[in-house]
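Novice: have a look at this prediction, sequence included:
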Amino acid sequence: MPHIVLENINETKQAFDAIKVFANKIDGGMLKVMDKYINANAQIALIEALAIENGKNQNFFVQLTQKKSSLTIRLLPLTDPEKTNGVKTIMAIIAKQIKDTNSVINYGKNNLEDFLIN
């Protein structure tokens, strides 16, 4: 399962606020973050996304989960999209938006090294 851990962040609300909706054209399609939701105690956030690649549409959610001083970005298992380059790129863009909010935030463990944006 693709995931990215951001280190030195201890507030899901900060990450949630950093995420901006976007629509990026790519060869053969589009990558889009359409909306975002956070639970009442601000510990878990869901990001609604759409990857259109070569005529195939995939709607899915990216989940942000807070640990002590880190935040994990992963796909919500209930939506379970095919792990295409577009899906992985959306996750990397979300991580970059959050990382850019504070210079102490950095990439930790992940299995999307080729997609991360510095």
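Specialist: Arrived safely. Residues are numbered from 1 along each chain as shown.

Novice: and the spatially closest residue to residue 42 that is not a sequence neighbour, how far from residue 92?
Specialist: Closest residue in space to residue 42, ignoring its immediate chain neighbours: residue 13 at 4.5 Å, by Cβ to Cβ, 6 or more residues apart in numbering. Heads up, the C-betas are built off the backbone N, CA and C, glycines and all. Taking Cβ to Cβ, to the nearest Å as the measure, residue 13 falls 22 Å from residue 92.

Novice: more neighbours: the two, which one.
Specialist: Neighbours were counted for residue 13 and for residue 92 using other Cβ atoms under 10 Å; residue 92 has more, 21 against 12.

Novice: so that one lies in a helix, does it not?
Specialist: Yes - applying DSSP: H, G, I helix; E, B strand; the rest coil, one finds residue 92 inside a helix.

Novice: ok now stretch 83-95, how far from the chain's centre?
Specialist: On the basis of Cα atoms, centre = their mean, to the nearest Å, stretch 83-95 sits 7 Å off its chain's mean C-alpha point.

Novice: contacts for that stretch, please.
Specialist: 1-2, 4, 6, 19, 22, 24, 26, 29, 31-33, 47, 49, 51-53, 56, 58, 60, 62, 73-75, 81, 107, 112, 115-117 (Cβ atoms under 8 Å, 6 or more residues apart in numbering).

Novice: where along the chain do the strands fall?
Specialist: 3-7, 22-26, 29-38, 44-53, 56-66, 70-75, 106-110 (DSSP state E).

Novice: tell me how many other residues crowd the residue nearest to residue 102 when sequence neighbours are not counted.
Specialist: Leaving aside its sequence neighbours, residue 102 sits nearest to residue 9 (Cβ to Cβ, 6+ apart; 7.2 Å). Counted with other Cβ under 10 Å, the neighbours of residue 9 add up to 24.
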